[in-house]
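**Q** my questions are about this predicted structure, shown below with the sequence.
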Amino acid sequence: MGDVWRLIARNRNFRLLLSANLISSAGDWILGIGMMYYVYVLTGSALASGAMLFVAMLPQLLFGSLAGVFVDRWDRRNTMIVSNLLLAATCVPLFTVHDSASVWVIYVVVFVQGIFEQLLFPAEQAMMPHVVPAEDLVSANAMNGQNRQVARLVGAALGGVLAAVGGIFLVALVDLVSYLVAAGLVMAIRVSAPAEPKTGPVDARPPLIRHEWIEGIRLCWTDRYLSTLFMFRVLSGFGEGIIAVLLAPFIISVLNADSAEYGAVISAQAVGGIAAGFAVAVLGRRLDPRILLGYGALVFGVLDLLIAIYPLAVPALWPVFVLICLVGLPSAALNAAFATLQQTHTPDAFRGRVFGAINTGSGLAMLLGILVAGALGDVVGIIAVLSLQGIVHIIAGPYVLVRTRESDASPAGLAVAGESRP
């Protein structure tokens, strides 16, 4: 508890970054839920609402890896500021949406915002090691993950309410303000990233974007630690795609829950994640992120598998509340550990590209999971397909532990991270 308080109380830059992320993430959830609600109200089509999810994923798949090149070229703090300002500007066209004929504007905005977010999130991850000392990275990443759960819980609840009260205008206005506030908070951060020493002959010509992009992809494949993290994220992304499609049918059709009970389960998931994030943050300095990731994924997989199959033995709703709260702890642990390992084992000059490549691989795997779940859910059965989410994590945990056990790769970014002090 003392370490967490010290990190928050004494590190002004971290407080600012954490606050900016919380506010902009809450705005994202408010806008996302609000637009889903409003699109359905205007069109009366579930397909039209579902198409928004596909449009939102496209920028990650098309530009996520390439965006990392520019994150590594540009100052990360300035990239976050400009990205937030551009995201605020993209909210303005939403004020013109009044009927079903103008719904196309929402799809364009969702797509363009997704492009700017491919710059914002890698810049945030790449800047974190320059904001907090290396020994506090697990705690910092856990609190950042906790931020997202709080934003999800609050933003998702407010999004539907604001859309019902003030339509798309009010939702867009709140999101616009959230981006402006986040940009202002990042502007107040004062941190300089030390330049890494250059090796080899000096060339005055800037490298081609294609070459830099390929260098980042090559590093993900040739470095033992990073290739392991890449494959882990691909496996977990596949599982996330499955649960994104089948969680609602599982709760409603298999567990026979009504809409209110479904909402309560989703809220319990967020509450469990918030509590778990705090626990990981408190213990962050005492935990090896490699062990945390491997065993966290294993426990996460076991609990997720239990969630999928327990109705075969106990056809009741209450166990899902218990299990979905419990799964928050390994989920928070593995996410904080993954971010820390990615930051500390990637050279600072490559952090944007590595984040982009891994994020794109995860997005492609998630899309595959969505397609598999959609195609097989009704044919094979919801329980059987949903079980794959747990199985892939049960495989991924030991995979990480075995692949990194004998690795002699030193954390390339650790020296850089350690140079930054509040």
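**A** All right, it came through fine. Numbers count the residues shown, from 1 in each chain.
**Q** where in the chain is pLDDT low?
**A** 1-3, 46-47, 49-50, 192-207, 259, 263, 406-422 (pLDDT under 70).
**Q** can you name the element that comes right after the longest helix belonging to the chain?
**A** Using DSSP state H to define each element, the chain has its longest helix at helix 137-187. Tracing the chain past helix 137-187, the next element assigned as helix or strand by DSSP states H and E is helix 209-222.
**Q** that following helix - contacts with which helices or strands?
**A** Packed against helix 209-222 by the contact rule (3 or more Cβ pairs under 8 Å, 6 or more residues apart in numbering; DSSP states H and E) you find helix 46-73, helix 224-249, helix 351-380. All C-beta atoms are positioned from the backbone trio N, CA, C, and that covers glycine.
**Q** of the ones you listed, which is nearest residue 333?
**A** helix 224-249 (13.2 Å; Cβ to Cβ).
**Q** centre of the chain to the closest one, how far?
**A** 12 Å (Cα atoms, centre = their mean, to the nearest Å).
**Q** cool, and stretch 86-101?
**A** So, by Cα atoms, centre = their mean, the centroid of stretch 86-101 is 25 Å from its chain's centroid.
**Q** dump the helices and strands packed on helix 209-222 into JSON lines; add distance to residue 323 and mean neighbour count as well.
**A** As requested, the helices and strands packed on helix 209-222 are exported to JSON lines (distance: least, Cβ to Cβ, whole Å; neighbours: other Cβ atoms under 10 Å):
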{"stretch": "helix 46-73", "distance to residue 323": "26", "mean neighbour count": "19"}
{"stretch": "helix 224-249", "distance to residue 323": "13", "mean neighbour count": "21"}
{"stretch": "helix 351-380", "distance to residue 323": "20", "mean neighbour count": "21"}
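**Q** columns distance to residue 261 on top of those helices, output as CSV?
**A** Shown next, in CSV, are the helices and strands packed on helix 209-222 (distance: least, Cβ to Cβ, whole Å):
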stretch, distance to residue 261
helix 46-73, 20
helix 224-249, 12
helix 351-380, 20
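**Q** quick one, which of the ones you listed is nearest to residue 310?
**A** Nearest to residue 310, of all these, is helix 224-249, at 14.5 Å by Cβ to Cβ.
**Q** what angle separates the closest one from helix 46-73?
**A** Angle between the axes of helix 224-249 and helix 46-73 is 160 degrees (criterion: axes from the mean of the first three to the mean of the last three Cα atoms, to 10 degrees).
**Q** helix 224-249 relative to helix 351-380, how many degrees between them?
**A** Using the same axes, to 10 degrees: helix 224-249 against helix 351-380 is 40 degrees.
**Q** make 40 the first number, not 1, from now on.
**A** Sounds good: first residue 40 from here, last item helix 263-288.
**Q** and the next helix or strand past helix 263-288?
**A** The first helix or strand that comes after helix 263-288 along the chain, using DSSP H and E, is helix 298-322.
**Q** buried ones in that following helix, by neighbour count?
**A** Across helix 298-322, burial judged by 16 or more other Cβ atoms under 10 Å covers 300-301, 303-313, 315-317, 319-322.
**Q** tell me what it is packed against?
**A** Partner elements for helix 298-322 (3+ Cβ pairs under 8 Å, 6+ apart): helix 41-49, helix 176-226, helix 357-365, helix 367-383.
**Q** now tell me what touches it from outside.
**A** 40, 42-43, 177-179, 181-182, 184-185, 188-189, 191-192, 195, 287, 290-291, 296, 326, 331, 356, 359-360, 363-372, 375 (Cβ atoms under 8 Å, 6 or more residues apart in numbering).
**Q** re the thing from before, now the helices and strands packed on helix 298-322 in TSV, with mean neighbour count and distance to residue 94?
**A** Below are those laid out as TSV (neighbours: other Cβ atoms under 10 Å; distance: least, Cβ to Cβ, whole Å):
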stretch	mean neighbour count	distance to residue 94
helix 41-49	14	37
helix 176-226	22	16
helix 357-365	17	29
helix 367-383	26	25
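**Q** of those, which is nearest residue 116?
**A** Nearest to residue 116, of those and by Cβ to Cβ, is helix 176-226 at 6.3 Å.
**Q** next one: that closest one to chain centre, how far?
**A** 14 Å.
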